[in-house]
Each structure stands twice: as C-alpha cells, then as structure tokens.
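Chemist: show me how the following folds:
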Amino acid sequence: MTLNIPESQLAEIEKAAATTGYGFERMDANDDGTQSAAHQDPAYRRALWIVVLLNVGYGIVEMVGGFLAGSQAVKADALDFLGDGLITFLGLLAIGWSLVWRARSAMIQGIFLGVLGLGVLGTTIWRVFAQTTPDANLMGLFGFIALIVNVLAVLPLLKFRKGDANMRAVWLFSRNDAIGNAAVVVAAVLVYLMGSAWPDLIVAFGIAGLFLHSSWSIIRDARADLKET
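Modeler: Next comes the predicted model:
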C-alpha cells in the first residue's frame, strides 16, 4: 500500500506504526513514477528478448536431451525453459499495456505455470511405476549447460525483479530455471553414485512443486495489482 504523507507528519506516523508491529519505507516523490515506468525501460525490453531467445532455444535442445538421457528431471527442466521463454514473450508483448492488462497478463502466466506444474507432477507419478535409470552422464551434461544458459538469462533481469506483477512473474520464471538446473546437476551425480532413478524423480517432483508455488505467488501478485486499479 502507498500513502502520500506530508514530510512534517512522517515521524509521528512512523512511531504509531511501530506500536502495531508494522512498518513502511519512505519513498521520494518521484519513486512511484520511476517504478511504474520501469517496465518501459529499453534495457528491460532487451533483457526480455535475451530471455526469450535463450530459453526457447535451449528448451528445445534440453527436451531432446531429456528423451536421450531418459531423465524426467531434464524433461521437466526443459518444460520450464520453454514455458519461461513463451511466457516471457507474453510479458514482452505486455510492455506498454495499462497496469490492469499487465496484471491480467501475469494472471495468465501464473495459471499457465500451474498447469505446467500439474503436468510435470502427473507424468512423474506415472514414471514412479515405470522406472528406468537415466543416463547420469547425459543428465549432468545437459543440466550443467542449462545452468550456464540460465545464468546468462537471469543476469539482465536482476534490476527488474521488483516491478509490477508482470515483471515479477518474468523474474520468478527465470529464478525457477536456475534452481531447477542446479537440482538436475545434483540429481545426475546421485544417479551416478546410487545407480537409481529416485534422485531423478525426486528432483522432478521438486520442480513441479516449485512451479505450483511460483504459480500461486504470481496469481496472488496479479490479484493485488488488479485490486489497486
């Protein structure tokens, strides 16, 4: 919530707020305008194009790698890449839209991510009953390359992770990729050491859970933005 308060009353209001256990941050007069215009920053548009190209391109490569390696975690991570790229493209289209339409765009992104999470969860449960041990070497290779690709995609977004719901959604998708990539690499090491499919399946379950958690966060933020309009 944003309040416009005269400078002379700030000290008194801060003291009153402290007694309730709540607090607030001071903003300069032009901070709100800066934040609302952040989504129109040309650097943000360039960052989104980098994310789209890297994620869609490597998502296709990693999906092929997931089938070659027989790894559910790699396939789930590839879906994360593809979903990230496609939804980021939607975020790119939303630049210049009103706050309400950017919030609606974020809502669509959150719902899409939730559906993706449920899909990964369902296919992973099926794989529990039809286990095959994946190729740990290919898992590790594709996971490590994915981690490098995602770091390259995340870096341009760091300065834009606290904007409106649409910008936060793009950030959460990219953050999920990085976490998923690291988990795939760890799973590959465990599959190699244990000779079991369970580390691969556990990571796939974890990625599905991350999808669902982030889906809820995106939808919650989008609803909050819609209430402010």
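
Chemist: can you list the weak-confidence ranges in this protein?
Modeler: Across the chain, the ranges flagged by pLDDT under 70 are 1-41, 160-174, 176, 229.

Chemist: okay, helices next: where are they in it?
Modeler: Secondary structure of the chain (DSSP state H): helices at 10-20, 31-37, 42-69, 72-94, 99-128, 136-154, 165-194, 198-228.

Chemist: which neighbouring elements make contact with the fifth one?
Modeler: Applying 3 or more CB pairs under 8 Å, 6 or more residues apart in numbering; DSSP states H and E, one finds that helix 99-128 makes contact with helix 72-94, helix 165-194, helix 198-228. Yep, even glycine has a C-beta here, placed from its N, CA and C like the rest.

Chemist: redo these as JSON lines? Include mean neighbour count and distance to residue 63.
Modeler: Formatted as JSON lines, the helices and strands packed on helix 99-128 follow (neighbours: other CB atoms under 10 Å; distance: least, CB to CB, whole Å):
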{"stretch": "helix 72-94", "mean neighbour count": "25", "distance to residue 63": "4"}
{"stretch": "helix 165-194", "mean neighbour count": "22", "distance to residue 63": "13"}
{"stretch": "helix 198-228", "mean neighbour count": "20", "distance to residue 63": "14"}
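
Chemist: residue 123: which of those helices is closest?
Modeler: Closest to residue 123 of the helices and strands packed on helix 99-128 is helix 72-94 (CB to CB; 7.0 Å).

Chemist: gap between the closest one and the chain center?
Modeler: 9 Å (CA atoms, centre = their mean, to the nearest Å).

Chemist: before we move on, what about stretch 186-193?
Modeler: Distance, centroid of stretch 186-193 to centroid of chain: 25 Å (CA atoms, centre = their mean).

Chemist: need the CA coordinates for that stretch. PDB is fine.
Modeler: The C-alpha trace of stretch 186-193 is given here as PDB (Å, rounded to 0.1, in the frame of the first residue of the first chain):
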ATOM      1  CA  VAL A 186      22.900 -32.700  -8.200                       C
ATOM      2  CA  ALA A 187      20.400 -35.400  -9.300                       C
ATOM      3  CA  ALA A 188      22.800 -36.600 -12.000                       C
ATOM      4  CA  VAL A 189      25.600 -37.000  -9.500                       C
ATOM      5  CA  LEU A 190      23.300 -39.000  -7.200                       C
ATOM      6  CA  VAL A 191      22.000 -41.200 -10.000                       C
ATOM      7  CA  TYR A 192      25.600 -42.000 -11.000                       C
ATOM      8  CA  LEU A 193      26.600 -42.800  -7.400                       C
END
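
Chemist: neighbouring contacts of that stretch?
Modeler: Here stretch 186-193 makes contact (CB atoms under 8 Å, 6 or more residues apart in numbering) with 71, 73, 133-134, 136-137, 139-140, 143, 196-197, 199-200, 202-203.

Chemist: can you pick out the most distant pair from these?
Modeler: Using CB to CB, the contacts of stretch 186-193 span at most 19.2 Å, a distance reached by 137 and 202.

Chemist: state the distance from residue 87 to residue 220.
Modeler: Distance check for residue 87 against residue 220: by CB to CB, to the nearest Å, it reads 17 Å.

Chemist: show me what contacts residue 60?
Modeler: By CB under 8 Å, 6+ apart, the contact set of residue 60 is 78, 82.
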